[in-house]
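**Q** Coordinates for the following, if possible.
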Amino acid sequence: MQEPWSKRHKKEFKGCRFSLSNSFAQPLSMPELIKLTKDRGDTKLLELYNNHDLEYVPNGGSNDLRQDIARVVYDNKLSAENILVFPGGQVAIQTAALAFASNGVHSIVFTPGYQSTVESPQWAIGNAGVTQIPRSPDKNWQVDISKFKEAIRPNTKFVILNEPWNPGGIVMSHQLQQQIIDICRANSIVILCDEVYRLLEHNECDRLPAMANAYEKGISAVTMSKPWGACGVTIGWLACQDLCMVQRLVDVQYFGTACVSRASEIQARMVLGASDLILKERREIVLRNKAQLMAFVEKYNELFSVNEPNAGAIAFVKFKLYPSHVLGEQLALNGISIKPYYCFADLQDEASGVKQYRCEAYHFRVGFGELNFLSKLDALAKFVDEHADRWRKEISRR
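**A** Got it, this is the predicted structure:
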């Protein structure tokens, strides 16, 4: 198991005042959540929160929470028995990989990406290797379907997708999703789709069906932290049609964190009860902030570029002068935090026996989901203004 990619980031950007690293929508507060619950007259849920006991909840989550998830997120096309609750999304992804990438299974993942979505199949005992397929900004960071087909082996039985995609905030088309499902169905491949940014599409027409709804061997991984801004609730889940697959997940989960807190479950139910309103407000914030970010990139277009995001509260911005970790070191000294490329993939490539930086290494992730985003962007713009003339001269000499 490799060292966490974010470990270096936490050290280099510790204490930065202006954090452009956050990837979640505007966080909820407990008073806000209570008010939303009162406003819709759900006194029973408030009473449950104030008077619940501290017994263990059932492994995989209480039935009432799983019913709410099935109703709100999956339109009752799934039921409570198809949902398995975890303390957040990270352990859910790891559990799925341990369940389906072991014992001679070859897996396919896509890079750059969140470390768990890229590396977790390697942690499965007896895995038969993992093929990493790169995404390219030249193709709008989309999955290359021809490379995907070429990577499939007779023992390829597990694929991890991340849609909408982190770090770019870009979601694939409905047609591409169906192509991938058809290929996996023909080869009896399980798809785990990290869908933590789903429901925060900038245009609802771009929203894909949840993989758990769209494919009989599909697993959806979700957390409440991203679209709802409910980070502190620490609730995530896996959803899957196939109950035999669910049982395999249960068996692996048993040896990890098998149950969450009842308080977190009830908070999660409060969030889901106000889901439409919360998502509407978060989407409005995201769209306002995205407009500001795109204006920033346009203003400094000799220095920066970006493939415009269409989902989530994140964008993968390119700095045209040098790799993003170098820019990040300078920003950190000025109290500004970004997520450099090394948080999502290896910085260097092997070419002709000589190490060189990947062209994608010039990219860094920016989060724009919070109400105070503009103050952070202003701090970045001020820093850029102080260096822009010199940077432009350096770029022109190349």
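
**Q** Every contact and neighbour count from this point should use C-alpha atoms.
**A** OK.

**Q** ranges for the strands of the stretch 201-350 of the chain?
**A** Assigned strands in the stretch 201-350 of the chain, in chain order: 218-223, 236-240, 304-306, 314-319, 336-337, 339-340, 348-351 (criterion: DSSP state E, counting those that start in this stretch).

**Q** helices or strands next to the first one in the packing?
**A** Based on contacts counted as 3 or more Cα pairs under 8 Å, 6 or more residues apart in numbering; DSSP states H and E, the elements that strand 218-223 packs against are strand 190-194, helix 211-214, strand 236-240.

**Q** Could I get those in CSV, plus columns for distance to Ser173, mean neighbour count and mean pLDDT?
**A** Formatted as CSV, the entries for those read as follows, by distance: least, Cα to Cα, whole Å; neighbours: other Cα atoms under 10 Å; pLDDT from 0 to 100:
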stretch, distance to Ser173, mean neighbour count, mean pLDDT
strand 190-194, 15, 26, 98
helix 211-214, 13, 21, 98
strand 236-240, 21, 26, 98
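
**Q** Out of the ones you listed, the one nearest Gln267 is which?
**A** With Cα to Cα as the criterion, Gln267 lies closest to strand 236-240 of the helices and strands packed on strand 218-223, at 12.4 Å.

**Q** what about dumping the CA coordinates of the closest one to CSV?
**A** As requested, C-alpha coordinates have been extracted for strand 236-240 and formatted as CSV (Å, rounded to 0.1, in the frame of the first residue of the first chain):
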residue,chain,number,x,y,z
GLY,A,236,-21.9,6.9,3.0
TRP,A,237,-23.3,3.8,1.3
LEU,A,238,-23.0,1.2,-1.4
ALA,A,239,-26.1,0.4,-3.5
CYS,A,240,-26.5,-2.7,-5.6
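
**Q** Show me the beta-bridge partners of the residue nearest to Leu380 when sequence neighbours are not counted.
**A** Of all residues not flanking Leu380 in the chain, Ile336 sits nearest, at 7.0 Å (Cα to Cα, 6 or more residues apart in numbering). Beta-bridge partners of Ile336, counted by DSSP bridges, are Phe18.

**Q** Ile336 reaches Ser21, doesn't it?
**A** No. The pair Ile336 and Ser21 fails to qualify as a contact (Cα atoms under 8 Å) at a distance of 9.1 Å.

**Q** These two: which has the busier surroundings?
**A** Between Ile336 and Ser21, counting by other Cα atoms under 10 Å, Ile336 is the more crowded of the two (24 against 19).

**Q** Give me the distance between the more buried one and Gly367.
**A** In this view, Ile336 and Gly367 are 12 Å apart by Cα to Cα, to the nearest Å.

**Q** Which elements pack onto the helix or strand where Leu377 lies?
**A** Secondary-structure element containing Leu377, defined by DSSP states H and E: helix 373-396. The helices and strands touching helix 373-396, judged by 3+ Cα pairs under 8 Å, 6+ apart, are strand 18-19, helix 275-299, strand 336-337.

**Q** Turn these into a markdown table, including mean pLDDT and distance to Gly41.
**A** Written out in a markdown table, the entries for those read as follows (pLDDT from 0 to 100; distance: least, Cα to Cα, whole Å):
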| stretch | mean pLDDT | distance to Gly41 |
| --- | --- | --- |
| strand 18-19 | 97 | 37 |
| helix 275-299 | 98 | 15 |
| strand 336-337 | 98 | 41 |
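
**Q** Return every residue with contacts to both of Ile336 and Gly367.
**A** With Cα atoms under 8 Å, 6 or more residues apart in numbering applied, the overlap between the contact sets of Ile336 and Gly367 consists of Leu20.

**Q** quick one: buried residues of stretch 146-164?
**A** Buried residues in stretch 146-164, counting neighbours by 16 or more other Cα atoms under 10 Å, are found at 148, 151-152, 156-164.

**Q** In helices only, show me those residues.
**A** For those, the ones inside helices are 148, 151, with DSSP state H as the criterion.

**Q** Restricted to strands, list the buried residues of stretch 146-164.
**A** 156-162 (DSSP state E).

**Q** among the helices and strands packed on helix 373-396, which is the most enclosed?
**A** For those, the largest average neighbour count (mean count of other Cα atoms under 10 Å) is found in strand 336-337, namely a mean of 26.

**Q** Just list what it packs against, helices and strands only.
**A** Packing partners of strand 336-337 (3+ Cα pairs under 8 Å, 6+ apart): strand 18-19, helix 373-396.

**Q** If we use 6 Å, what do you get?
**A** Taking 3 or more Cα pairs under 6 Å, 6 or more residues apart in numbering; DSSP states H and E as the contact definition, the neighbouring helices and strands of strand 336-337 are strand 18-19.

**Q** now for the strand it packs on, which elements pack on it?
**A** Short answer (3+ Cα pairs under 6 Å, 6+ apart): strand 18-19 packs on strand 336-337.

**Q** Enumerate the positions of the helix holding Leu377 that are buried.
**A** Applying a neighbour-count criterion of 16+ other Cα under 10 Å, the buried positions in helix 373-396 are 373, 376-377, 379-381, 388, 391.

**Q** picking that back up, between the helices and strands packed on helix 373-396, which one is nearest to Val317?
**A** Of all these, the one in closest proximity to Val317, counting by Cα to Cα, is helix 275-299 (8.4 Å).

**Q** can you list contacts of the closest one?
**A** Counting by Cα atoms under 6 Å, 6 or more residues apart in numbering, the neighbours of helix 275-299 from elsewhere in the structure are 304, 313, 368-369.

**Q** Closest one of those residues to Phe86?
**A** Each of those was checked against Phe86 using Cα to Cα; the closest is Ala313, at 23.1 Å.

**Q** was I right about the closest one contacting Phe368?
**A** Yes. Applying Cα atoms under 6 Å as the test, Ala313 and Phe368 come out as touching, 5.2 Å apart.

**Q** Check the contact lists of these two and give me the overlap.
**A** Joint contacts of Ala313 and Phe368 (Cα under 6 Å, 6+ apart) do not exist.

**Q** Now do Glu81 against Leu243, distance only.
**A** Relative to Leu243, Glu81 is positioned 8 Å away (Cα to Cα).
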